[in-house]
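K.L.:
Just a sequence and a predicted model for now, questions to come.
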Amino acid sequence: MIFSSAKIQTTGTKRRGSLGQILLLAAGFLVLVGISALSVILVDRAREDNDWVVHTVEVENQISTLRLRIRTTESAARGYLLTDEQRFLDEYLAAAANVRSDIDKLIQLSGDNRVQIANASELRTPVEARLDEFAKAIGFAQRHDTAGGIELLRSSDSGRATERINDVASRMRAEEQRLFAQRTQTADRTERFASIVTVAGSGLVVLLACISIFLVRRSIRARDQAEAQLRDANLNLEATVDERTADLREANNEIQRFAYIVSHDLRSPLVNIMGFTSELEELRNEIFKRIAALHAAASQNPALPAAARDTEPTLDAEDQQRLAYFSEALEFIKSSIAKMDRLISAILSLTREGRREFRPVRIDTRELIEAIVTTVAHQAAEGQAEIHIEPLPEITSDRLALEQIFSNLIDNALKYLKPGVPGKIFIRARTKLGYAIFEISDNGRGIDPKDHQRIFDLFRRAGPQDKPGQGIGLAHVRALVRRLGGTMSVTSELDQGSTFTVTLPINWNANRRNREP
């Protein structure tokens, strides 16, 4: 009874401990979330306060810029009146052209403060008056009446306008200094609060990290026990997987044998059909010759001379039409037989390729592709196509499989160029995370996006069927790429060319792939 009570108490203690850990982690998570959210808010607030401080400085700088521009305008105008030199006139025109835009910019920057908007608007009137005086004085000088221009400036009410400008500018600067002090104080307060939150949050994070380390160590011990149990389970799982893999490999080999037998057995009736078709073609010629001879004999006139009767008999229009129909039917049968023969040959080739064992070797892919391009140089010349090969990496893979992959893709790029457009084919590659990514791009007639998957299906083709082929090449290429541990895709639009992307491992291990079904 005492042992049972102790056992029940221990179980209850473990449950309470687990519940306490969960609550502790939940509390720590909530604290971290709260500190993070508050830190984000404070940082954003501090950035906003600093932006207002910078804005105040920008307004003060714009006030100073405007006053300096007015003084520059005045100095240049007086210099031109006194010296009549062109450089002073140019300086005056450049400065005067920017004064009004400086006032507009000042009003825009002061848009957050009603007082400053009113001050900036008030500033425009004396500035405009001052600019008008300068313009009139310059006008006198340009009419060769320099004395009149100087007299105009002396007799004008320039002092009052200048005082108004200085007065308004001083009021605006005083307002901005007040705002600067206020905003600086606010920014400092926000930064101090953010620092306090950061320090407190760091302390809580350190405390939570210590607790987490303790909990992680306990979890590691529990994980080790679970891994031991998992290893025991994996032993049984591996045996089951090996058994299923062996069954699948045997089924795949049986499918390949069946395809080979079916393809081989189809050749026997096909050969017979081809033989009888040839005999039927010879029989056609003999039948229609005899029909022509009969027609000629029936229509012969005994009175005709012997030379006329010995000429080659000819068919009438109706029999000639029958002969044409007969010949067309035979040609259709012969073309169908040839197509079926090519399909059977392709199936046999695929079954043989599926049984071939791949052997990895180190391959310079640029050298391999250059050799392929050399073999299609005549075809490229006929299509007025240029093939550009960029630097390519070395990889470890099966050489024959790579030759078949790239030969097929380059041949397709040359085959489906746009008529009348010089072809451009680019072969490039890059490496990423242990893989080599090859791209074969062309400016050909392209592929409709709805046919991007169709072209990889066996015996399926897309677009106009005006080129020879059985729809096997790309299906075979993708099968080879998969056996080499890679992937293949296409991006294309009609009349925009195509780009085939082949991704292959840089260091391919054939042992695992050759064991696969």
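P.N.:
Received it, and whenever you're ready, just let me know what you need. Remember, predicted model here, so these are calculated numbers, not experimental data. Numbers count the residues shown, from 1 in each chain.
K.L.:
Return the helix or strand in this structure with minimum mean pLDDT.
P.N.:
When the helices and strands of the chain are scored by mean pLDDT, DSSP states H and E, helix 306-309 comes last with a mean of 44.
K.L.:
Quick check: phi and psi at Pro393.
P.N.:
Torsion angles at Pro393 (phi, psi; degrees, to the nearest 10) stand at phi -80, psi 160.
K.L.:
Contacts only, for it.
P.N.:
Thr365, Ala429, Thr431, Ala436, Ile506 (C-beta atoms under 8 Å, 6 or more residues apart in numbering). Quick note: C-beta positions are derived from backbone N, CA and C, even for glycine.
K.L.:
Skipping its backbone neighbours, what lies nearest it in space?
P.N.:
Excluding the flanking residues, the one nearest Pro393 by C-beta to C-beta, 6 or more residues apart in numbering is Ala436, at 5.1 Å.
K.L.:
how much space between that neighbour and Arg217?
P.N.:
43 Å (C-beta to C-beta, to the nearest Å).
K.L.:
Please apply the same query to Arg173.
P.N.:
Using C-beta to C-beta, one gets 65 Å for the distance from Arg173 to Arg217.
K.L.:
now do Leu283
P.N.:
Distance, Leu283 to Arg217, by C-beta to C-beta: 94 Å.
K.L.:
picking up where we left off before, want to try JSON lines for the contacts of Pro393, with pLDDT, neighbour count and secondary structure as columns?
P.N.:
Converted to JSON lines, the contacts of Pro393 look like this (pLDDT from 0 to 100; neighbours: other C-beta atoms under 10 Å; DSSP: H, G, I helix; E, B strand; the rest coil):
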{"residue": "Thr365", "pLDDT": "94", "neighbour count": "21", "secondary structure": "helix"}
{"residue": "Ala429", "pLDDT": "95", "neighbour count": "21", "secondary structure": "strand"}
{"residue": "Thr431", "pLDDT": "94", "neighbour count": "11", "secondary structure": "strand"}
{"residue": "Ala436", "pLDDT": "95", "neighbour count": "21", "secondary structure": "strand"}
{"residue": "Ile506", "pLDDT": "93", "neighbour count": "15", "secondary structure": "coil"}
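K.L.:
Name the residues of the strand or helix carrying Asp132 that are buried.
P.N.:
Using DSSP states H and E, Asp132 sits in helix 114-142. Using 16 or more other C-beta atoms under 10 Å as the test for burial, helix 114-142 gives 116, 119-120, 123, 126-127, 129-131, 133-134, 137-138, 140-141.
K.L.:
quick one: the lengthiest helix in the chain to helix 114-142, angle?
P.N.:
Using DSSP state H, we find that the single longest helix of the chain is helix 158-299. Counting by axes from the mean of the first three to the mean of the last three C-alpha atoms, to 10 degrees, helix 158-299 lies at 90 degrees to helix 114-142.
K.L.:
So which elements touch helix 158-299?
P.N.:
Using 3 or more C-beta pairs under 8 Å, 6 or more residues apart in numbering; DSSP states H and E, the elements in contact with helix 158-299 are helix 2-83, helix 114-142, helix 317-355.
K.L.:
tell me the most buried of these?
P.N.:
Ranked by mean neighbour count, these are led by helix 114-142 with a mean of 18 (mean count of other C-beta atoms under 10 Å).
K.L.:
So which other helices or strands are in contact with that helix?
P.N.:
helix 2-83, helix 86-109, helix 146-155, helix 158-299.
K.L.:
how far out from the middle of the chain is it?
P.N.:
Counting by C-alpha atoms, centre = their mean, to the nearest Å, helix 114-142 is centred 57 Å from the centre of its parent chain.
K.L.:
Mind checking the pLDDT average for that helix?
P.N.:
The average pLDDT within helix 114-142 is 78.
K.L.:
again, but for stretch 452-469
P.N.:
pLDDT averaged over stretch 452-469 gives 63.
K.L.:
quick one: contacts for Leu30?
P.N.:
Applying C-beta under 8 Å, 6+ apart to Leu30 gives no contacts.
K.L.:
roughly how far apart are it and Ile41?
P.N.:
Distance of Leu30 to Ile41, given as C-beta to C-beta: 16 Å.
K.L.:
Kindly report the same for Arg100.
P.N.:
Using C-beta to C-beta, we find Arg100 at a distance of 42 Å from Ile41.
K.L.:
average model confidence for stretch 146-157?
P.N.:
70.
K.L.:
Next: stretch 86-100.
P.N.:
Stretch 86-100 comes out at a mean pLDDT of 81.
K.L.:
Counting neighbours, which bits of that stretch end up buried?
P.N.:
Phe88, Leu89, Glu91, Tyr92, Ala95, Ala96, Val99.
K.L.:
Nearest to Val57, out of these: which one, please.
P.N.:
Val99 (21.6 Å; C-beta to C-beta).
K.L.:
give the contact list for the closest residue in space to the closest one that isn't next to it in sequence.
P.N.:
Nearest in space to Val99, with sequence neighbours left out and distances taken as C-beta to C-beta, 6+ apart, is Arg69 at 5.2 Å. Residues near Arg69 by C-beta under 8 Å, 6+ apart: Ala95, Asn98, Val99, Asp102.
K.L.:
so which of those residues comes closest to Ala401?
P.N.:
Asn98 (71.5 Å).
K.L.:
ok, now which ones touch that closest one?
P.N.:
Arg69.
K.L.:
list the buried ones in stretch 427-434?
P.N.:
Quick answer for stretch 427-434 (16+ other C-beta under 10 Å): Ile427, Ala429.
K.L.:
For that stretch, list the C-alpha coordinates in CSV.
P.N.:
Only the C-alpha atoms of stretch 427-434 are listed here, as CSV (Å, rounded to 0.1, in the frame of the first residue of the first chain):
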residue,chain,number,x,y,z
ILE,A,427,24.4,27.1,-74.0
ARG,A,428,25.3,28.3,-70.5
ALA,A,429,25.6,26.8,-67.1
ARG,A,430,26.0,27.8,-63.4
THR,A,431,26.5,25.8,-60.2
LYS,A,432,24.4,25.9,-57.0
LEU,A,433,24.4,23.7,-53.9
GLY,A,434,26.2,20.8,-55.5
